[in-house]
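> Compute the structure for the input listed below.
(4 chains)
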Protein chains: 2
Amino acid sequence: MIDPPHANAYIGHMAAHHHHKHAGASLAQAAEAALVEAGEQWTDMRSDIFAVLATFEKPASAYDIADLVSQRRGKRVAPNSVYRILDLFVTTNLARRVESANAYIANSHPGCLHDCIFLICDSCGTATHIDDDALTMSVRAAAEHAGFAQVRPVIEVRGKCADCD
Amino acid sequence: MIDPPHANAYIGHMAAHHHHKHAGASLAQAAEAALVEAGEQWTDMRSDIFAVLATFEKPASAYDIADLVSQRRGKRVAPNSVYRILDLFVTTNLARRVESANAYIANSHPGCLHDCIFLICDSCGTATHIDDDALTMSVRAAAEHAGFAQVRPVIEVRGKCADCD
DNA sequence: CGATGCACGTTACAACATTACATCGCTAAA
DNA sequence: TTTAGCGATGTAATGTTGTAACGTGCATCG
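Numbering: from 1, shown residues only, chains lettered A, B, ... in the order given. Below you'll find the model as predicted:
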């Protein structure tokens, strides 16, 4: 089976659902709601860490966050504590880990669960994300076809963004 | 535009070209040829590092490799040196970096250039890879559609392999 | 009141990665 | 033949990312 050369052209699928993209206070509120919904507490520490994470344009390392949260609280917060909470955020879908950057980024629509595709600029480091469920579902399907279960796709694209190009 | 529910089903594309999958000595030979082809030298050190890398079933960390190469040579080889050579291997397509594992894996068909999809088992750590050019081209296209250039897709799927499932 | 559970603190350490500079061996120009 | 240059590797130090083990404070509930 051979695909014709044009078979791979990008079609521009859009997800079948619509997102309410949050920002600022609205985002924090949505995050709190999602975390409580998951049966977890919205503590001061978690709130601070989420707030700091949300201020970043680029994926933030746990250490970046630890530094800023330390400043904000006037007291050293160990990376350790930050990792614990970041892990919680990732499992509850409030944040994502960007594997190719060893860093984290706030989910701008928490509570809305699906795979996403990150585009990370090698020059300026900013990350944007695409939602293309057709594509991510195909990746999942390919993995399952190969006998994998409980799959968690990691789809990231490194390159030059439109600004840095 | 809304995709019908079945639109994401996995179709099972195969690449339009055929690979000669190398193993053992044949693989080392192919690697040497590819490196020389790229205008680089095939030194003893590079040969040893490639050989060690190729023995791994699972993605190998630079430190894993450093340890084994040190044994093999009876003399400490610093991680540093290993990283240098791994970087070279990655840029010349003799090896791939598995971002979600901070580790490297030999390319079983060096000289054959295309994106690949890794499946990494969370239980046993083994990695297999899928070639699905339709899928990877779609990812590239999606990124380019978003204004990215010089794109380098990182597509990995974490999960449970058929054996560990 | 005491027991339990959870969030967070503290310390130490392990794992991954880079930087700067030194040395060695080869080759090409003087 | 010397020596200047260059690529590959060695050495040492350091930076960054991630985890483990264990302690403390605080709320809730019997």
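> The residue nearest the centre of chain A pairs with what?
Centroid check for chain A by CA atoms, centre = their mean gives residue A:96 as the closest residue, at 2.9 Å. Beta bridges link residue A:96 to residue A:105, judged by DSSP bridges.
> quick check: mean pLDDT across the lengthiest strand in chain A?
In chain A, assigned by DSSP state E, the strand with the most residues is strand A:149-160. In this model, strand A:149-160 carries a mean pLDDT of 97.
> so, in contact with chain B or not, that strand?
Yes. With CB under 8 Å from any CB of the partner chain as the criterion, chain B is reached by strand A:149-160 at A:149-160. The C-beta positions use only the backbone N, C-alpha and C, and glycine is treated the same way.
> got the residues of chain A near DNA strand C?
Neighbours of DNA strand C within chain A, by CB under 7 Å from any atom of the strand: A:40-41, A:43-46, A:75-81, A:84-85.
> and chain A, what are its domains?
The record assigns chain A these domain ranges, following automatic domain parsing: A:22-110, A:114-165.
> For residue B:63, find the nearest of these.
With CB to CB as the criterion, residue B:63 lies closest to domain A:22-110 of those, at 16.4 Å.
> how far out from the middle of the chain is that closest one?
11 Å (CA atoms, centre = their mean, to the nearest Å).
> Kindly check the end-to-end length of that domain for me.
Start-to-end span of domain A:22-110 (CA to CA, to the nearest Å) is 9 Å.
> same thing with stretch A:107-114?
End-to-end distance for stretch A:107-114: 11 Å, by CA to CA.
> Would you mark the buried spots in it?
A:107-112 (16 or more other CB atoms under 10 Å in any protein chain shown).
> okay, the closest residue to residue A:73 other than its chain neighbours: pLDDT?
Nearest residue to residue A:73, sequence neighbours excluded (CB to CB, 6 or more residues apart in numbering or on different chains): residue A:48, at 6.6 Å. Residue A:48 is assigned a predicted lDDT (pLDDT) of 97.
> my guess is residue A:48 meets residue A:75, correct?
No. In this structure, residue A:48 is not within contact of residue A:75 by CB atoms under 8 Å, at 11.1 Å.
> Identify each of the helices in chain A and give its residue range.
A:24-37, A:44-55, A:62-73, A:79-91, A:133-145 (DSSP state H).
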